[in-house]
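# model this:
(chains A and B)
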Amino acid sequence: MAHAYTPGLRVTGHTVIEKMRRLPLKGEVLVEKGDEVTAEDVVAKTALPGNVHAVNVANVLGLPPEDVKACMLKREGDAVEKGEPIAVSKSFFGLFKSTAKASITGTVELVSDITGQVTLREAPIPVEVHAYIDGTVTEVIEGEGVVVQAAGAQIQGIFGIGGERVGELAILVNSPGESIGPDRLGDVRGKVVVVGAHASYDLIFKARDQGAVAIVAGGISDADLKKILGYDLGVAITGSEEIGVTVVVTEGFGELAIAKKTFDLLQSLVGHKVSVNGATQIRAGVMRPEILVPLPANRGKIAVADHFGSGLEVGTLIRIIRQPAFGKLGKVTELPPDLSVVDSGARVRVLKARLEEEGTEVTVPRANVEMIEG
Amino acid sequence: MSSLPKSVRSVLATDCGSTTTKAVLIEKVGDEYRLVVRGEAPTTVEAPFEDVTRGVLNAIMEVEELAGRKILDGETIITPQDGNTGVDIFLSTSSAGGGLQMMVTGVVKSMTGESAERAALGAGAIVMDVIASNDGRLPHEKIQRIRQLRPDMILLSGGVDGGTTRHVVELAEMILAADPKARLGASYKLPVIYSGNTDARPEIEKTIGDSTALTITENLRPSMEKENLMPARLAIHDLFMEHVMAQAPGYKKLLSWTPVPVMPTPSAVGTIIETVAKQEGIDVLGVDIGGATTDIFSVFSEVFNRTVSANLGMSYSVSNVLAEAGVDNVMRWVPFEMEEADLRNRIKNKMIRPTTIPSMLEELIIEQAIAREALRLAFEQHKALAVGLKGVQQERTISDTFEQTTSGETLVNLNSLALIVGSGGVLSHAPRRQQSMLMMLDAFLPEGVTEIAVDSIFMMPQLGVLSREYPEVATEVFEKDCLIRMGTAVAPWGQGKKGQTAITAKITMPGGATETHEVAYGDIKLVPLGVGETAKAVLEPARNMDLGEGRGRPLRADLVGGVVGVVLDGRGRRPFGLPSDRSGRVDALQRWNRSLDIYPERAKELAAV
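You can find the predicted model right below:
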């Protein structure tokens, strides 16, 4: 009995979704424990003091610093518009006028008779945190944020770019292996669109320009990814790309049919409101991109935590995750204990599996399969 | 915890790598200690397990299966050995947290920001972001970024000595506000290295001294014109190995299973390399190329140096190797055509599914090409850091920093190098030993006479930790089962001419007969000499090439045999003679392939040309 295997990504219709929603700085939590929230609701907010700008009034007016106050047209606390005069001086019998103007729109914060500078502060910058998923607030962390919980579906992708977005799920293909061109998009405004086996650069940006919030595909080509990002991704840490759309890839790089289980689940959720996040970190402490679908009707029907106890056995359903036969499903028929020689000449532990679709038996290194959870 | 037994009959040792956890069983067989079996399993630091001991148990179960011995009682390792059950001692090493990923800060992006970035890159870290006071982002955006990225460590710098302290203290306040959580390990104080304006030290200490694991070093930019990166680099390096790597989830549980502290893998490998260098009185280079990092260890002129290149590896970091080396440098080692788009997709797929292996010959060739580049780049980083005694300040002017080549300073001497030992999956698991030998030859380009060996199944980490407590056991297993001596390379430096003989070797074989072997410039030639065999040789380089005695002058040397033999490398050095035109290059690669029987004949058929 072999215990070494690669666990697969989470694809489940019945789970508890829990998200921590936290402000970057201390602020105000706007909801209470037990509140029902929607993804778009602001659950916590804070305001950052606006940026400060200094106007060197003493220099502009040609005066010593201690004379600046007497020339001010605005006082501390007054609002100002950009370009508005804030101080004026007259010289030489009132014939020559010098004017100092506000460099920004904001408030006069300080008039210094030591430096002769006037400090203007821009309007406060609001910082808000949204709920991200429709759900219930189960915990409030005073001054910081909340935990939002929902019952529903969770689909993890293998790689993504872009951050959190919310939209209505739509599928534009009829089968998981189909791909479409940018001309087949249709009305994608406000939608999270599943486009099949491949999302090209042109498709992604056309969808974005037509108002789609996110793209879900089986594969993306690395050449397109480099074009999208503008640089070669060296280490897979993403999530803050500002490209106007989120992309979630379910299988990998290239043109790759979406896994059947994933596609079937997505099909059953068409029309639902989904929350997506492309953030990926491939490293210890891995983070995968996700598609979350709160389903109020699922409350109380949650499956118990997935169990990974038994490992590979004869009869285990597996998916091949490397060439050749990438993406194919099969059932384990044999687990030879001895090392076998594969095409590369390497001696490795293998398994034999019968492919679901073709019915043929293949020999695959055990490292190149993932278990399919029920 | 029980005290260690005086002698042991059996040892179980594991190494938790970033991708794979390996377990070895060593037993006393008659009068000698030998490796019995080896098992492995994927490392389980990630979800859903988030417990490194799960992978350890899986690997041990494989050992049980292969050895036909019961070692576990449920999830407990049975010690001491009782009949055929259990083992006398369990030890472990770990690098399961993967490579170091850090953020750096500076006050001015193009000055202290860039210096800090250079310091971190030079220490082998991946720099996830450079935060500067003037980088255009608002404070809350910077704070959000720190939280989102979950860096393993932060290098805080800024301000020349004697300058203002306000900006760098503000950066410290931002770190405090971010309250960053580690990606692994809940009860973990984030290591922060402060290498900024010395005047700000008290304020920095006051601001983040309690909430972070703060280390203070010299200012990495003490004045506008000067850069002093070495103290920060060394601090990053040391903190990474002693602090960050220990944070893999389940690490504390693993610690409780063994009476000996779990050693970081690079420390363990370094220990064995140092031992070998000392025992044999030679200059040694060791390399461990893993999934996330490539670690290089060297002893030159009795000075030990180690570098951990956290940005170069064969799975998690493999895409970074491509980004740093460039497609052309990778493809120059591949004797067939491949669309760049196809190559990129394959490499990215390996990055996102790091535990898979190449099962097709084509994929193996690509991976070994990438390995050459990863080793080469890691070696460049090592040469730059192996610069004399640790702790010596290296103040240079900024223009020096850009112009200075490393060869003038580095301790690394490719001619005095006597032995290269390779370790890590791509080297130890290569289907043919000569593939490993050639990968190391091509990547390190040793000169003169150099012996090359490989860790047979990468158990150097386990033997390193074992050698601390039972050195005689570790050494015996190292020599008898771990080290596979592949043979000796003879490589003159300089350039020859096409058609010219690069080396004429008169070799007196073990039987007594003297053979003469010649290799043409641009070629390599294999002279069979087996494991345990030594031959005396007179090696004459071409007129304009040098083996260490002067141009064209012969060198007398003892050549040590191995599973591959003696490789006469007439391809030249300084520069290395890989033809730049495509057909010349493919022709050369195929000739070398045939000379050493690197890949099966059908590798030729992969050429779409």
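# B:Asn593: neighbour count?
20 (other CB atoms under 10 Å in any protein chain shown). No exception for glycine: its C-beta is placed from N, CA and C like everyone else's.
# phi and psi next, for the closest residue to it other than its chain neighbours.
The spatially closest residue to B:Asn593, leaving aside those adjacent along the chain, is B:Tyr599, at 5.6 Å (CB to CB, 6 or more residues apart in numbering or on different chains). Main-chain torsions, B:Tyr599, degrees, to the nearest 10: phi -120, psi 160.
# and stretch A:242-252, how far out from the chain middle?
8 Å (CA atoms, centre = their mean, to the nearest Å).
# can that stretch be found next to chain B?
Yes: contact of stretch A:242-252 with chain B (CB under 8 Å from any CB of the partner chain) involves A:Gly252.
# buried ones in that stretch?
A:243, A:245-252 (16 or more other CB atoms under 10 Å in any protein chain shown).
# tabulate the residues you listed (a markdown table), appending secondary structure.
Below are these laid out as a markdown table (DSSP: H, G, I helix; E, B strand; the rest coil):
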| residue | secondary structure |
| --- | --- |
| A:Ile243 | coil |
| A:Val245 | coil |
| A:Thr246 | strand |
| A:Val247 | strand |
| A:Val248 | strand |
| A:Val249 | strand |
| A:Thr250 | strand |
| A:Glu251 | strand |
| A:Gly252 | strand |
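# biggest separation within the residues you listed, which pair?
A:Ile243 and A:Glu251 (20.9 Å; CB to CB).
# just to revisit the earlier point, and the residue nearest to B:Asn593, what does it touch?
B:361, B:364-365, B:432, B:435, B:593 (CB atoms under 8 Å, 6 or more residues apart in numbering or on different chains).
# at the geometric centre of chain A, which residue do we find?
Residue closest to the mean C-alpha point of chain A, counted by CA atoms, centre = their mean, is A:Gly163 at 2.2 Å.
# residues contacting that residue?
Contacts of A:Gly163 by CB under 8 Å, 6+ apart are A:239-241, A:246, A:277-279.
# before we move on, what about A:Thr262?
Going by CB under 8 Å, 6+ apart, the list of residues near A:Thr262 reads A:11, A:155, A:176, A:250.
# ok, so of the residues you listed, who is nearest chain B?
Checking the contacts of A:Thr262 against chain B by CB to the nearest CB gives A:Thr250 as the nearest, at 11.2 Å.
# just the pLDDT for the closest one.
Per-residue confidence (pLDDT) for A:Thr250: 95.
# give me the three-state assignment for A:Gly211.
Taking three-state DSSP, the label given to A:Gly211 is coil.
# wait, it sits on A:Arg189?
Yes: the pair A:Gly211 / A:Arg189 is scored as a contact, 3.5 Å apart, by CB atoms under 8 Å.
# who touches both of the two?
With CB under 8 Å, 6+ apart, A:Gly211 and A:Arg189 have no common neighbours.
# if we can go back for a sec, highest neighbour count among the contacts of A:Thr262?
Going by other CB under 10 Å, A:Thr250 tops these with 28 neighbours.
# contacts only, for that residue.
A:9, A:155, A:157-158, A:216-218, A:258-259, A:262.
# do A:Gln281 as well
Neighbours of A:Gln281 in contact, by CB under 8 Å, 6+ apart: A:236-239, A:287, B:150, B:183.
# need the max-distance pair from those.
So, those by CB to CB: farthest apart are A:Thr238 and B:Arg183, at 14.8 Å.
# how near is B:Trp493 to chain A?
As judged by CB to the nearest CB, to the nearest Å, B:Trp493 and chain A stand 33 Å apart.
# so what's the residue count around that residue?
21.
# list the contacts of it.
Contacts of B:Trp493 (CB under 8 Å, 6+ apart): B:415, B:447, B:545-546, B:572-574.
# rerun at 6 Å
B:447, B:546, B:573-574 (CB atoms under 6 Å, 6 or more residues apart in numbering or on different chains).
# setting aside sequence neighbours, what's the nearest residue to it?
B:Arg573 (3.7 Å).
# which pLDDT does the model give the one you found?
B:Arg573 is given a pLDDT of 93.
# list the contacts of stretch B:27-36.
By CB under 6 Å, 6+ apart, stretch B:27-36 touches B:9-10, B:25-26, B:67, B:473, B:476-477, B:481.
# could you pull out the helices for the stretch 251-374 of chain A?
Under the criterion DSSP state H, counting those that start in this stretch, the stretch 251-374 of chain A contains helices at A:260-268.
# just the helices in the stretch 1-150 of chain A please.
A:57-61, A:68-71.
# which of these sits most buried?
helix A:57-61 (a mean of 20; mean count of other CB atoms under 10 Å in any protein chain shown).
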